[in-house]
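J.: The following block contains a protein sequence and its predicted model.
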Amino acid sequence: MTTNDIAAAHRYTAELAGEIEARWQQAWTERGSFQAPNPVGPLAGDLSGFGGHGRPAKLFIQDMFPYPSGAGLHVGHPLGFIASDVYARFHRMDGVNVLHTMGFDAFGLPAEQYAVQTGTHPRTTTEANVERYLGQIRRLGLAHDERRRVSTTDVEFYRWTQWIFLQIYGAWYDEEAGKARPIGDLIAEFDSGTRTPADGSVWADLDAASRTAVLDTYRLVYQSDSMVNWCPGLGTVLANEEVTADGRSDRGNFPVFRKRLRQWMMRITAYADRLVDDLELLDWPDKVKAMQENWIGRSRGARVSFAVAGGDAAVEVFTTRPDTLFGATYMVLAPEHTLVDEIVAHEWASGVDARWTGGAATPAAAVAAYRAGIAAKSDLERQENKDKTGVFTGAYAVNPVNGRQIPVFIADYVLLGYGTGAIMAVPAHDVRDHEFATAFGLPIVEVIGSEQGVADAAFTGDGPVVNSDFLDGKPVDEAKTAIIEWLEAHDAGTGVVQYKLRDWLFARQRYWGEPFPIVYDEAGQAHPIPEALLPVELPEVADFAPVSFDPDDADSVPSPPLAKASDWVHVELDLGDGLKSYTRDTNVMPQWAGSCWYQLRYIDPTNDETFCAPENEQYWMGRVPQVHGDNDPGGLDLYVGGVEHAVLHLLYSRFWHKVLYDLGHVSSVEPYRKLFNQGMIQAYAFTDARGVYVPAEEVVEREGGHFYQDQPVTREYGKMGKSLKNSVAPDDICRDYGADTLRVYEMSMGPLDQSRPWATKDVVGAQRFLQRVWRLVVDEETGTVRVTDDEPTEATRKALHRTIAGVREDYVALRDNTAVAKLIELTNHLTKGYPDGAPRAVVEPLLLMLAPVAPHIAEELWSVLGHSDTLARGPFPVADESLLVEDSVEIPIQVKGKVRSRVTVPADADEATVTAAALADDKIVPLLDGEPRKIIYVPGKMLNIVP
Ligand code: ANZ
């Protein structure tokens, strides 16, 4: 045996790490080390003994759960998972009841597309992928309460997704109360006459079908006709991006028809104001709040009425900038606007600008020719078109604010379906109007002052109003208020609040999703499925593709895969009035549905009486004003995930939660009190001569260049993932170094919210650190324990307690990189200072502090030191305040009020000592001419000398 072999016997190698890690993962599962007790229900347990000493009693921590794709995790995915695990482990060790688990967002398109191609049931594919993910998650040592794992595809999960859908369907938004209420309340109000339907109909006179129709206009879930791209040949509706410029399907080249189709919608717009206003209550990154605010896009504007000169007609416009009214120099109607035919002039006035007439003999002919020319264009093309086109109608309108007559045009950049389909054009301050005015030689009048002026381009920024009579000098916001007051006083317009947010299209014509708990009677009326008949299970079908039709049959209607399950579609049900025949809704919910509420199921995953018992919700998510202030909305204590979910998921989820709150099902106002966005892990990617990505792991570096199969390749840098072929699998890193090393590496790469480059060659640095810790405890050659029972020196004790105080603060603030740096420093201090064995009194707390980041090695060494219990529940060390006090202090010395030097004195030095040190200081002596006149000492802070 060589020396090397002996040394290797007890060295912390990847192999040994792997063995330790598997053993501890097993032990944690067996002991249920990470199980968090609930107040009530199946997971109820003892809650006494948590919290105290300024600590919270509980913390609910969650990651944005993954979609289990076939590719498995790459090392970028666990960045957030590990960070939240460190946070959870630290607090659990510190005596907090921590709920941390992870489930799967498992409905979705990839499994379904795979099913269409191969016939493999999406459930089979999904379950295999979930197994794979679970293996990877377990390998990383994430401390999850495994009893609480859920998949959105579990029948027992989506049963409650359907139940929540029914609560939303059974509710309407009461504007006066500012909240959702049960639809039954609305019916009662209609019945008693305390409220009348908004559409003016008389409730008492309506038949059952008409009443249903009225209620549908109130429900928070409703069906409405919307324009979609229908492709009969593929049997599916397509997104705009899937349709070619000549109106055919990208895939298969079939004709595509614009068609109005009935679709399920969720009335999220009812919550627009609350969704904006409540952002203020959230501890979220400003960037994400701003993105939600922009997405909702609440803006104050006005409808303004312009009389048409020489007639009775008036053109109403919608504008977000009524403050620019004095700068309106022409108007534009959408070409299809119904007023056009009414106002169009009989003939051109003499001397009309040739650019305005489109070469036509009369205004009517110009309008007709222009309409014919644009009929084939889609809204998108019309808006994107940079070359502004249009024709003059021959008519003039009167600007209400100054009586000026301005020409009225039609142009395709104004859309019929938005606002009122007509605009007042302010070329000085609107980009599209500027382009149009330039092309047509129309006046450009500046009304918002700017340095750049408005001759070359529109100025869209803020500034004082100019050239606008009584508005002059006001900033934009004040001017808006003033002009809206003026318009309302003169009956020329009204202020309106406008939102960009649209209702949420909630149906998908797919297979792998939650079925709708809705059936239709023979008259086509929709009925909700009673709660007792839930869940509506996804039926088996033989093939997962939608039904396709004759490609040219524009009149066909989509028939989703579920329509093929005819035994399932046609049912006899008793909905309370005897057995009758019904047909089921064959749509499925969009993939967002499950993630709208999964945190609530984590709380009570096995409750079969309710989606989440109120006591449990209150405990884990309830408001805690004593800790978070009176405005605390409640919700998760920490939600970690990528910034790509700033809108959609985070908005949908907030919406559902608020509906549940209004209806009294939850006590928290918001689902996610605190949000943290982790950065991304990036990596080098390589392209060959054709610009195609090649597998990064097979690229070799030599002679200062990079080669793939001996061909030179070009290096770039980007997000890690399948598309750039630069993924690194965590499995490989765990095999080559161990999970603890991977965890330490990822946590020490930099601040958590910043993106960072992955470099496999740097991982070894983290491994070396853990090997040094290992050697503090274990003799690599003999395997014996190296720690001593010696007292640490005063300097070491101080170093330890400084580390404890710092590491605690770092863990609380998710600054794991600086926590690791402090642990490395303490380790190096012990390695250098105690070559013959470091004191147990310091090594033990070091292991406890290391445990959140590198839990397996910490557990192993903890047991090597003779402890039989796991350190999953700590105790996490507490710093001794008295050891944090510095021995010496630095006192600034001022001469005539200016700092001239600093002296270092013992921390408890009295005035005489400080003065003596100051008067002997090299930099002070030359400034003094004999005895100073006056000396002022601020104890411990400063000494001021007046010479
Ligand atoms: C005058 C004005 C002056 C405008 C100015 C903007 C800037 P958002 O924010 O998207 O709601 N607009 C209104 N209806 C339109 C339609 N049917 N087709 C095309 N454009 C339309 O945009 C509202 C602004 O878009 C409105 O405010 C109007 O132009 C234009 F310095 O009015 B504005």
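T.: Cool, got the structure.
J.: Would you mark the buried spots in stretch 891-901?
T.: The neighbour-count check on stretch 891-901 (16 or more other C-beta atoms under 10 Å) flags Ile891, Ile893, Gln894, Val895, Arg900, Ser901 as buried. All C-beta spots, glycine's among them, are computed from the backbone N, C-alpha and C.
J.: Report pLDDT for the fourth one.
T.: For Val895, the model assigns a pLDDT of 93.
J.: Any figure for the gap between it and Asn944?
T.: 8 Å (C-beta to C-beta, to the nearest Å).
J.: Serialize the buried residues of stretch 891-901 to JSON lines and add fields for distance to Trp504 and secondary structure.
T.: Below are those laid out as JSON lines (distance: C-beta to C-beta, whole Å; DSSP: H, G, I helix; E, B strand; the rest coil):
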{"residue": "Ile891", "distance to Trp504": "64", "secondary structure": "strand"}
{"residue": "Ile893", "distance to Trp504": "67", "secondary structure": "strand"}
{"residue": "Gln894", "distance to Trp504": "65", "secondary structure": "strand"}
{"residue": "Val895", "distance to Trp504": "70", "secondary structure": "strand"}
{"residue": "Arg900", "distance to Trp504": "67", "secondary structure": "strand"}
{"residue": "Ser901", "distance to Trp504": "67", "secondary structure": "strand"}
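J.: Residue numbers of the stretch 351-500 of the chain in contact with the ligand?
T.: Counting by C-beta under 6 Å from any ligand atom, the residues of the stretch 351-500 of the chain close to the ligand are Val414, Leu415, Tyr418, Gly419, Gly421, Ile423, Met424, Val426, His429, Asp430, Gln498.
J.: so which pair among the buried residues of stretch 891-901 is furthest apart in space?
T.: The largest separation in those, counting by C-beta to C-beta, is between Ile891 and Val895 at 13.4 Å.
J.: thinking again about what came up before, in strands only, show me the residues of the stretch 351-500 of the chain next to the ligand.
T.: The strands, defined by DSSP state E, take in Ile423, Met424, Gln498 from these.
J.: Which residues are in contact with the second one?
T.: The one in question is Met424. Met424 sits next to Val304, Phe306, Val317, Thr319, Leu325, Ala328, Met331, Asn399 when contact means C-beta atoms under 8 Å, 6 or more residues apart in numbering.
J.: repeat that with 7 Å
T.: Residues near Met424 by C-beta atoms under 7 Å, 6 or more residues apart in numbering: Val304, Phe306, Val317, Thr319, Ala328, Met331.
J.: Please report which of these has the highest neighbour count.
T.: Of all the contacts of Met424, the highest neighbour tally under other C-beta atoms under 10 Å goes to Ala328, namely 29 neighbours.
J.: is it true that that residue touches Ala397?
T.: No. Judged on C-beta atoms under 7 Å, Ala328 makes no contact with Ala397 at a distance of 9.3 Å.
J.: Common neighbours of the two, please.
T.: Residues touching both Ala328 and Ala397 by C-beta under 7 Å, 6+ apart: Ile406.
J.: What ranges does the stretch 701-850 of the chain have for its strands?
T.: Residue ranges of the strands in the stretch 701-850 of the chain, as given by DSSP state E, counting those that start in this stretch, are 705-708, 711-712, 714-719, 756-757.
J.: closest one to the ligand among those?
T.: Ranking these by proximity to the ligand (C-beta to the nearest ligand atom) places strand 714-719 first, at 30.9 Å.
J.: so after the least confident helix or strand in the chain by mean pLDDT, what's the next helix or strand?
T.: Least confident helix or strand, the chain: helix 3-8 with a mean of 51, by mean pLDDT, DSSP states H and E. Next helix or strand after helix 3-8 toward the C-terminus (DSSP states H and E): helix 14-31.
J.: Report all helices and strands that that following helix contacts.
T.: Counting contacts by 3 or more C-beta pairs under 7 Å, 6 or more residues apart in numbering; DSSP states H and E, helix 14-31 packs against helix 730-737, helix 739-748, helix 855-864.
J.: Next up, the contacts around Val408.
T.: Contacts for Val408 (C-beta under 7 Å, 6+ apart) come out as Val315, Met331, Leu333, Ile343, Thr393, Ala395, Tyr396, Ala397.
J.: Quickly list what it is bridged to.
T.: Taking DSSP bridges as the rule, Val408 bridges to Met331.
J.: right, and out of the contacts of Val408, which lies closest to Glu522?
T.: For these, the nearest to Glu522 is Leu333 (45.6 Å; C-beta to C-beta).
J.: so how many other residues sit close to the closest one?
T.: Leu333 has 27 nearby residues by other C-beta under 10 Å.
J.: Export the buried residues of stretch 891-901 as JSON lines, with columns for distance to Ser723.
T.: Shown next, in JSON lines, are these (distance: C-beta to C-beta, whole Å):
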{"residue": "Ile891", "distance to Ser723": "60"}
{"residue": "Ile893", "distance to Ser723": "62"}
{"residue": "Gln894", "distance to Ser723": "62"}
{"residue": "Val895", "distance to Ser723": "66"}
{"residue": "Arg900", "distance to Ser723": "62"}
{"residue": "Ser901", "distance to Ser723": "61"}
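J.: Quickly name whichever of these is closest to the ligand.
T.: Using C-beta to the nearest ligand atom, the buried residues of stretch 891-901 come closest to the ligand at Gln894, 56.8 Å.
J.: what's the closest one in contact with, if anything?
T.: Arg900, Met942, Asn944, Ile945.
J.: Residues in contact with the helix or strand hosting the third one: which ones?
T.: Secondary-structure element containing Asn944, defined by DSSP H and E: strand 942-946. With C-beta under 7 Å, 6+ apart as the test, strand 942-946 has contacts from 891-897, 914-915, 918, 932-937.
J.: Which one of these is nearest to the ligand?
T.: Closest approach to the ligand among the contacts of strand 942-946 (C-beta to the nearest ligand atom): Gly897, at 54.3 Å.
J.: how about the helices in the stretch 451-600 of the chain?
T.: Secondary structure of the stretch 451-600 of the chain (DSSP state H, counting those that start in this stretch): helices at 476-489, 566-569, 592-595, 598-603.
J.: Now tabulate the contacts of Gln894 in TSV and tack on distance to the ligand and pLDDT.
T.: Shown next, in TSV, are those (distance: C-beta to the nearest ligand atom, whole Å; pLDDT from 0 to 100):
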residue	distance to the ligand	pLDDT
Arg900	59	93
Met942	57	92
Asn944	59	93
Ile945	63	93
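J.: Buried only: go through those for me.
T.: Arg900, Asn944, Ile945.
J.: I'd like the residues you listed as JSON lines, with distance to Gln709 appended.
T.: Shown next, in JSON lines, are the buried ones among the contacts of Gln894 (distance: C-beta to C-beta, whole Å):
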{"residue": "Arg900", "distance to Gln709": "69"}
{"residue": "Asn944", "distance to Gln709": "74"}
{"residue": "Ile945", "distance to Gln709": "76"}
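J.: so how many other residues sit close to His867?
T.: 13.
J.: just Asp552 next, same as before
T.: 11.
J.: In contact with it, which residues?
T.: Taking C-beta under 7 Å, 6+ apart as the test, what Asp552 contacts is Pro255.
J.: Repeat the analysis, applying 10 Å as the threshold.
T.: Counting by C-beta atoms under 10 Å, 6 or more residues apart in numbering, Asp552 makes contact with Pro232, Gly233, Phe254, Pro255, Phe257.
J.: most neighbours, which of those?
T.: Pro232 leads the contacts of Asp552 on contacts (other C-beta under 10 Å) with 24 neighbours.
J.: Would you mind measuring from it to the ligand?
T.: Using C-beta to the nearest ligand atom, to the nearest Å, one gets 31 Å for the distance from Pro232 to the ligand.
J.: That residue is in contact with Leu238, isn't it?
T.: No. Using C-beta atoms under 10 Å, Pro232 makes no contact with Leu238, being 11.2 Å away.
J.: what sits in contact with each of the two?
T.: Common neighbours of Pro232 and Leu238 (C-beta under 10 Å, 6+ apart) are Ser249, Phe254, Val256.
J.: Counting neighbours, what do you get for the residue nearest to the first one when sequence neighbours are not counted?
T.: It stands for Ser249. Excluding its sequence neighbours, the residue lying closest to Ser249 (C-beta to C-beta, 6 or more residues apart in numbering) is Cys231, at 4.8 Å. Number of residues near Cys231 (other C-beta under 10 Å) recorded here: 28.
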